[in-house]
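Asks: mind folding the following:
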Amino acid sequence: MAVGGAVLAALAAVPAQAHGQKEAGAPQGRDHRPPNWGLKETGTPDVRFRGLSAVSRNTAWVAGSGGTVLRTTDGGRNWRNVSPPGAADLEFRDVEAFDARRAVVLAIGEGEASRVYRTDDGGATWTESFRNTDAHAFYDCLAFFDHRHGLAMSDPVNGRFRILSTSDGGRSWKVLPEQGMPRAQDGEAGFAASGQCLVT
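Replies: Okay, here's the model as predicted:
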């Protein structure tokens, strides 16, 4: 997704054969334009992006190292840095967006490094809605069923995976009871690199 603070964007650029020439075998009356990949500079050269949430053909959010969150509303042609202030020491690994204005990001790490932030205004302002206070917990990923209900998962604490729950779109979170959660295997943990270890 990103290398050195640049992102690849599939742009609907017109290929050379589209200028007056029809592609062989293309249906008549339709202009078929394959995606044209282009490297787009983001102004964040030292950031490694790990989280991606595309909500439409125009709007997508990415999250990464250095507490960085970027957003595009023009299909990837331009990216705006909308990072939460004071988050430069955090590692954002997951972002779940609902539209161009509302998104939730997860920072990973032991103890208080695991945090959740939410924005309702396209990243102009952010609210920290969860900060882990258990030194043994390490939150890896989050996922939403809809715009209100979501879960976040931590590596095992006392031998069992820990689950957070929200029913207000990530504005508040609660730790779910561990009853019924099977014991983790020795050394078992989540994959805290792209937000893909939890699916709803």
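Asks: any stretches of this protein with poor pLDDT?
Replies: The chain contains residues with pLDDT under 70 at 1-31.
Asks: any idea which residue is closest to the centre of it?
Replies: The chain has V95 as the residue nearest its centroid, 2.3 Å off, counting by Cα atoms, centre = their mean.
Asks: state the helix or strand in which that residue lies.
Replies: strand 91-97 (DSSP states H and E).
Asks: which strands and helices sit next to that strand?
Replies: Packing partners of strand 91-97 (3 or more Cβ pairs under 8 Å, 6 or more residues apart in numbering; DSSP states H and E): strand 49-54, strand 60-64, strand 68-72, strand 103-110, strand 138-144. In this view, the C-beta of every residue, glycine as well, is placed from N, C-alpha and C.
Asks: ok, back up a step: shouldn't the residue nearest to the centre of the chain be in contact with F49?
Replies: No: counting by Cβ atoms under 8 Å, V95 does not reach F49; the two are 9.5 Å apart.
Asks: joint contacts of these two?
Replies: 62-63 (Cβ atoms under 8 Å, 6 or more residues apart in numbering).
Asks: just to revisit the earlier point, how about the residue nearest to the centre of the chain, what does it touch?
Replies: 51-53, 61-63, 69, 103-106, 195.
Asks: out of the residues you listed, which comes closest to P177?
Replies: If you rank the contacts of V95 by distance to P177 using Cβ to Cβ, L106 comes first, at 21.4 Å.
Asks: from A192, how far out is that closest one?
Replies: Going from L106 to A192 by Cβ to Cβ, to the nearest Å gives 9 Å.
Asks: burial measure for the residue nearest to R102 when sequence neighbours are not counted, as a count.
Replies: In space, and not counting its chain neighbours, R102 is closest to D120: 5.4 Å by Cβ to Cβ, 6 or more residues apart in numbering. Residues lying near D120 (other Cβ atoms under 10 Å) number 15.
Asks: L198 now?
Replies: 18.
Asks: now do the contacts for it.
Replies: L198 touches 140-143, 151-153, 190, counting by Cβ under 8 Å, 6+ apart.
Asks: could these go into CSV alongside neighbour count and distance to R183?
Replies: Converted to CSV, the contacts of L198 look like this (neighbours: other Cβ atoms under 10 Å; distance: Cβ to Cβ, whole Å):
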residue, neighbour count, distance to R183
D140, 24, 18
C141, 24, 20
L142, 27, 23
A143, 17, 23
L151, 18, 19
A152, 28, 20
M153, 19, 15
G190, 18, 15
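Asks: next one: the closest residue to G123 other than its chain neighbours from E91, what distance?
Replies: Nearest non-adjacent residue to G123, counting by Cβ to Cβ, 6+ apart: V82, 2.4 Å away. Distance, V82 to E91, using Cβ to Cβ: 17 Å.
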